[in-house]
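*Asks:* Fold the following.
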Amino acid sequence: MSTLPKSRQRNWIAVACLLCGLVPAAPACWAAEAEKPPAAASNPTAAPAKAAAQAAAQGQIEDGGKVPPQVWEAFLKAFREDDVYRVASQLKVADVKVAAEKWSKELGVQIETESSTLLAYALEIGVGSLCAHAEGTEYELQVTQILWAAPWVAGKGCSLTVLSADKATVYFVPADKLAEVTFKFTHTVRVVHPLNRRLDEFSVQGEKLTNVLRTLAKEAGADYSVRSDLSDQCLLTLSVRNRSIQDILRVAADSVGWRVEFFAGEAPDKSGKPDYMKSIVSPSIDFQTVLDTYADRDGLVVIEGLETTIATPLDAMKYLVSRIARESHELRPVLVMQKAEP
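*Replies:* Numbers count the residues shown, from 1 in each chain. All right, here's what the predicted structure looks like:
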């Protein structure tokens with residue numbers, strides 16, 4: 001399961017397992033940060049985090065009830081300054097959809113996207129919380145699998161744990177306050193490999209296997225190799241719908257006792273034979289990759305000699321998509337079809 005990059009995990013602290021802010025956790029539920037923080041002198045969050053952990057160990061966890069407006073606003077103010085929020089808020093679904101359609105035409109590739117709410121995404125990748133820090137205070141907005149999935153849970157909200165210098169206070173945040181952390185954003189972009197493009201319908205009747213391979217290879221912009229003196233003897237009748245090109249190739253080969261493999265230009269193995277693959281996977285770009293690319297944008301411009309700067313998270317996403325599209329065009333796969341070994 002994917003996780004946020006370590007450079008971003010410094011503020012994502014796994015604290016007590018709390019449900020709706022009503023069930024205090026045992027001291028054993030507390031854990032350290034994913035990445036060891038710098039010394040307290042250079043890390044303003046180290047002291048309160050350490051103190052809060054000690055407070056938890058001593059059972060100094062307070063039930064604060066419904067979150068006060070000033071506490072909630074303090075969390076939002078701190079969270080808005082975090083890279084996770086700033087990048088996600090600029091990858092809203094509607095904006096990425098328009099951009100992806102434009103990139104698809106420019107780059108000649110099919111692009112698919114996946115979206116989720118920010119808080120649900122944190123749950124999906126196994127973090128389950130959104131964290132921020134400001135002025136010696138740590139905030140963790142936490143949601144559990146049970147809380148998110150079960151509408152019968154009282155309040156249908158989240159818990160907000162506030163870690164101060166000497167205690168941990170848990171507040172309940174009702175659902176009607178969560179709009180700013182439950183907006184939908186695009187967290188994954190997939191550049192569909194031509195062999196994974198789905199055909200609405202493909203059918204042949206009494207066609208030579210050689211011709212079927214040639215037709216599908218042309219559809220995918222791929223090269224191919226086959227012993228036509230043998231494949232011409234295989235006549236194929238086939239009708240499929242909504243299947244990827246490589247799936248159709250596999251079905252066609254299997255139906256006559258043949259097999260299909262893919263050679264994508266990898267170096268030969270130790271025996272000197274090409275490194276064949278059973279399938280071709282469409283590369284995807286996840287949120288953490290966009291996050292890191294945007295954070296390292298100035299260095300990338302210098303190292304790769306980019307003509308344009310990466311000024312926004314959308315620019316970072318386009319840069320990553322463009323790189324994959326370029327590699328896809330430069331490295332045409334070869335389809336190799338041959339009789340299956342007995």
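
*Asks:* For the stretch 201-342 of the chain, just list every one of the helices.
*Replies:* Ranges of helices in the stretch 201-342 of the chain, per DSSP state H, counting those that start in this stretch, are 209-220, 228-231, 245-255, 287-295, 297-304, 313-330.

*Asks:* Quick check: next helix or strand after the worst-scoring helix or strand of the chain on mean pLDDT?
*Replies:* In the chain, the helix or strand scored least confidently by mean pLDDT, DSSP states H and E is helix 145-149, which has a mean of 43. Sequence order places strand 158-163 as the next helix or strand after helix 145-149, per DSSP states H and E.

*Asks:* avg pLDDT for that next one?
*Replies:* The average pLDDT for strand 158-163 rounds to 87.

*Asks:* count of residues packed around the nearest residue to residue 253 once chain neighbours are set aside?
*Replies:* Among residues not flanking residue 253 along the chain, residue 260 sits closest, at 4.5 Å (Cβ to Cβ, 6 or more residues apart in numbering). The way it works is simple: take the backbone N, C-alpha and C, and place the C-beta from them, glycine included. A count of nearby residues for residue 260, using other Cβ atoms under 10 Å, gives 24.

*Asks:* what's the answer for residue 177, then?
*Replies:* Count around residue 177 with other Cβ under 10 Å applied: 17.

*Asks:* give the contact list for it.
*Replies:* Contacts for residue 177 (Cβ atoms under 8 Å, 6 or more residues apart in numbering) come out as 67, 72, 157.

*Asks:* show me what contacts the second one?
*Replies:* In this case it means residue 72. 160, 171, 173, 177.

*Asks:* State the helix or strand in which it lies.
*Replies:* helix 69-80.

*Asks:* buried stuff in the helix or strand following that helix?
*Replies:* Downstream of helix 69-80, the first helix or strand assigned by DSSP H and E is helix 83-88. Across helix 83-88, burial judged by 16 or more other Cβ atoms under 10 Å covers 83, 84, 85, 87, 88.

*Asks:* ranges for the strands of the stretch 101-250 of the chain?
*Replies:* Along the stretch 101-250 of the chain, the stretches classed as strands by DSSP state E, counting those that start in this stretch are 110-117, 129-134, 137-142, 158-163, 168-173, 184-192, 198-208, 223-226, 235-244.

*Asks:* Please identify which of the ones you listed is closest to residue 92.
*Replies:* Across the strands of the stretch 101-250 of the chain, residue 92 has its closest neighbour in strand 184-192 (5.8 Å, Cβ to Cβ).

*Asks:* So what angle separates the directions of the closest one and strand 235-244?
*Replies:* Between strand 184-192 and strand 235-244, the angle comes out at 160 degrees (axes from the mean of the first three to the mean of the last three Cα atoms, to 10 degrees).

*Asks:* Return the set of buried residues in stretch 242-259.
*Replies:* Buried positions in stretch 242-259, judged by neighbour count with 16+ other Cβ under 10 Å: 243, 244, 245, 246, 247, 248, 249, 250, 252, 253, 256, 258.

*Asks:* who are the neighbours in contact with the residue nearest to residue 187 when sequence neighbours are not counted?
*Replies:* Once flanking residues are discounted, residue 187 sits nearest to residue 287: 4.2 Å by Cβ to Cβ, 6+ apart. The contact partners of residue 287, taken as Cβ under 8 Å, 6+ apart, are 87, 88, 91, 121, 187, 188.

*Asks:* For these, give me a markdown table that also has pLDDT and distance to residue 102.
*Replies:* Below are these laid out as a markdown table (pLDDT from 0 to 100; distance: Cβ to Cβ, whole Å):
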| residue | pLDDT | distance to residue 102 |
| --- | --- | --- |
| 87 | 94 | 20 |
| 88 | 94 | 21 |
| 91 | 96 | 15 |
| 121 | 85 | 25 |
| 187 | 95 | 20 |
| 188 | 95 | 18 |
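
*Asks:* Which members of these are the farthest-apart pair?
*Replies:* Greatest spacing in the contacts of residue 287, by Cβ to Cβ: 87 and 188 (13.7 Å).

*Asks:* Check what pLDDT the residue nearest to residue 194 when sequence neighbours are not counted gets.
*Replies:* Leaving aside its chain neighbours, residue 194 sits nearest to residue 220 (4.2 Å; criterion: Cβ to Cβ, 6+ apart). Residue 220 carries a pLDDT score of 87 in this model.

*Asks:* Test my guess that residue 220 contacts residue 199.
*Replies:* No: counting by Cβ atoms under 8 Å, residue 220 sits too far from residue 199 to count as a contact (10.0 Å).

*Asks:* So for those two, which residue has more residues nearby?
*Replies:* Shown here are residue 220 and residue 199; by other Cβ under 10 Å, residue 220 has more neighbours (23 against 16).

*Asks:* residue ranges with poor pLDDT in the chain?
*Replies:* Along the chain, the model assigns pLDDT under 70 to residues 1-60, 126, 144-155, 265-276, 299-308, 342.

*Asks:* what's the domain layout of it?
*Replies:* Using automatic domain parsing, the domains assigned to the chain come out as 6-191, 194-281+331-339.
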